[in-house]
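> Here you go, sequence then predicted model.
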Amino acid sequence: DTAVSQTPKYLVTQMGNDKSIKCEQNLGHDTMYWYKQDSKKFLKIMFSYNNKELIINETVPNRFSPKSPDKAHLNLHINSLELGDSAVYFCASSHARQGRLNYEQYFGPGTRLTVT
Amino acid sequence: RKEVEQDPGPFNVPEGATVAFNCTYSNSASQSFFWYRQDCRKEPKLLMSVYSSGNEDGRFTAQLNRASQYISLLIRDSKLSDSATYLCVVNALTADYKLSFGAGTTVTVRA
């Protein structure tokens, strides 16, 4: 009964390839997120969806394309992978923000992407 | 100036000791504050939300100081299992009020 799950857990691929990461949550949340954590350990928001609508779209190369088929799923597709894309990608979910008040976010186990 | 700043540590403490550290934030209008812990090669996990009046959860106490714009975390009676990186999280003053994560404070509890 995992709350936020991601697949795959590890992804090793060559430069130029296209890959996808999938995320699912069973917490009944309506907001989901993609974060990137690089080697310096900073967690940076990439995208956020609320009820399948994109609400946060940070300055991310357009090789990264999120997709939310429903509010329990959020996928991330990456085209033409580059060495600099190597990082850990975390999915998270929460209840929707109420005004300035954010609710706690719950994270998936992460996908460790290595581009060679 | 970064939105959230933390002393990276590491804080090396013996079992049973008390350890405390702060996190400063730049957005005076922030409304949401959290402490997360992250173990090596694991996902961040919510430790506790931080409320205006301060709050306690077992051995952990969080305080918010709005005037000086910092939050603190105090761990009493440290256990070996408390060894982790503690992330300070605050919502940013942007139209989307996204959460900003500090780089983390590393705590190592030794036997």
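Looks like it came in fine.
> Give me the contacts around the worst-scoring helix or strand of chain B on mean pLDDT.
One helix or strand of chain B scores below all others by mean pLDDT, DSSP states H and E: strand B:99-101, with a mean of 90. With contacts defined as Cβ atoms under 8 Å, 6 or more residues apart in numbering or on different chains, strand B:99-101 is touched by A:42-45, A:102, A:105, B:3-4, B:25, B:32, B:34, B:36, B:44, B:87-92. All C-beta spots, glycine's among them, are computed from the backbone N, C-alpha and C.
> Filter those down to just the ones in strands.
Among these, the ones falling in strands (DSSP state E) are A:43-45, B:4, B:25, B:34, B:36, B:44, B:87-91.
> who does the lowest-mean-pLDDT helix or strand in chain A pair up with?
Least confident element among the helices and strands of chain A, by mean pLDDT, DSSP H and E: strand A:53-57 (a mean of 86). Here strand A:53-57 has these sheet partners by DSSP bridges: strand A:43-50 (antiparallel).
> now the partner strand: mean pLDDT?
If you average the pLDDT over strand A:43-50, you get 92.
> List the buried residues for that strand?
Neighbour counts using 16 or more other Cβ atoms under 10 Å in any protein chain shown place A:43-50 of strand A:43-50 among the buried residues.
> A:N62 looks like it's in a helix, true?
No. Using DSSP: H, G, I helix; E, B strand; the rest coil, the assignment for A:N62 is coil, not a helix.
> one step back: other residues contacting the helix or strand following the least confident helix or strand of chain B?
Following strand B:99-101 in sequence order, the next helix or strand is strand B:105-110 (DSSP states H and E). Contacts with strand B:105-110, where a contact means Cβ under 8 Å, 6+ apart, come from B:6-15, B:17, B:19, B:21, B:23, B:75, B:78-86, B:88.
> 7 Å instead?
For strand B:105-110, the surrounding residues in contact (Cβ atoms under 7 Å, 6 or more residues apart in numbering or on different chains) are B:6-15, B:19, B:21, B:78-80, B:82-86.
> are any of those buried, and which?
Among these, those scoring as buried are B:6, B:11, B:13, B:19, B:21, B:78, B:82-86 (criterion: 16+ other Cβ under 10 Å).
> how about those residues in JSON lines, adding pLDDT and secondary structure?
Formatted as JSON lines, the buried ones among the contacts of strand B:105-110 follow (pLDDT from 0 to 100; DSSP: H, G, I helix; E, B strand; the rest coil):
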{"residue": "B:Q6", "pLDDT": "94", "secondary structure": "strand"}
{"residue": "B:F11", "pLDDT": "95", "secondary structure": "strand"}
{"residue": "B:V13", "pLDDT": "97", "secondary structure": "strand"}
{"residue": "B:V19", "pLDDT": "97", "secondary structure": "strand"}
{"residue": "B:F21", "pLDDT": "97", "secondary structure": "strand"}
{"residue": "B:S78", "pLDDT": "98", "secondary structure": "coil"}
{"residue": "B:D82", "pLDDT": "98", "secondary structure": "helix"}
{"residue": "B:S83", "pLDDT": "97", "secondary structure": "coil"}
{"residue": "B:A84", "pLDDT": "97", "secondary structure": "strand"}
{"residue": "B:T85", "pLDDT": "96", "secondary structure": "strand"}
{"residue": "B:Y86", "pLDDT": "97", "secondary structure": "strand"}
